[in-house]
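In: Sharing a model that was predicted from the sequence below.
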Amino acid sequence: MAISNYQAARNLNALRGVAFTPPSAVYLALYTSNPTAANTGSEVAGGAYARQLITLSAAALDAGKMAIKLLSDAPFPVATANWGLVSHVGVTDALTGGNLLHFAEIDSRTIQTNDRFIAEASKILIRYAQ
């Protein structure tokens with residue numbers, strides 16, 4: 001996953017001794033366009049869509065890089081209207097609003113009325129390049 005400008009600034013400022021409070025919870029969001037580091041993408045809206053609370057593993061080496069993973073699948077509600085072509089996911093620090101922390105492109109899938117999107121734990125990984 002790529003890192004947002006918001007999270008990058010927090011990480012870098014920590015090296016200067018600027019403390020920050022980590023989020024008490026994180027949520028997975030779906031996007032119909034690339035959210036970008038500046039959080040300028042289009043998040044799914046309407047049709048019973050809601051960000052999903054996720055639980056992440058402890059950081060550990062994965063393919064030689066530090067990473068955290070979803071501990072379980074994250075099922076989204078059944079769509080009551082068309083959500084469109086979902087192409088990206090993002091990790092945010094709030095159920096609504098808040099800040100984008102990380103984001104990634106996923107295998108695109110059109111979500112139509114009565115479809116259910118499930119983010120599979122085995123496919124969501126936040127990994128830092130070293």
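Out: Perfect, I can see it now.

In: Now do the helices in this structure.
Out: In the chain, the helices defined using DSSP state H lie at 5-14.

In: mind listing the strands for the protein?
Out: Here the chain has its strands, by DSSP state E, at 2-3, 26-31, 52-54, 60-62, 65-69, 74-78, 84-92, 100-111, 116-119, 125-127.

In: Which of those has the lowest mean pLDDT?
Out: Mean pLDDT values for the strands of the chain show the minimum at strand 125-127, a mean of 86.

In: List the contacts of it.
Out: Applying Cβ atoms under 8 Å, 6 or more residues apart in numbering, the external contacts of strand 125-127 come out as 1, 56, 62-63, 65-69, 91, 102. Yep, even glycine has a C-beta here, placed from its N, CA and C like the rest.

In: Skip the chain neighbours and tell me the closest residue to A8.
Out: Excluding its sequence neighbours, the residue lying closest to A8 (Cβ to Cβ, 6 or more residues apart in numbering) is A37, at 7.3 Å.

In: Switch the strands of the chain over to a markdown table; also include distance to A14 and mean neighbour count.
Out: Supplementary listing: those in a markdown table, determined by distance: least, Cβ to Cβ, whole Å; neighbours: other Cβ atoms under 10 Å:
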| stretch | distance to A14 | mean neighbour count |
| --- | --- | --- |
| strand 2-3 | 13 | 18 |
| strand 26-31 | 18 | 22 |
| strand 52-54 | 23 | 16 |
| strand 60-62 | 21 | 11 |
| strand 65-69 | 15 | 15 |
| strand 74-78 | 28 | 16 |
| strand 84-92 | 18 | 21 |
| strand 100-111 | 14 | 17 |
| strand 116-119 | 28 | 15 |
| strand 125-127 | 17 | 19 |
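
In: Can you lay out the ones you listed as CSV showing distance to R10?
Out: Below are the strands of the chain laid out as CSV (distance: least, Cβ to Cβ, whole Å):
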stretch, distance to R10
strand 2-3, 10
strand 26-31, 14
strand 52-54, 19
strand 60-62, 22
strand 65-69, 16
strand 74-78, 24
strand 84-92, 13
strand 100-111, 9
strand 116-119, 24
strand 125-127, 14
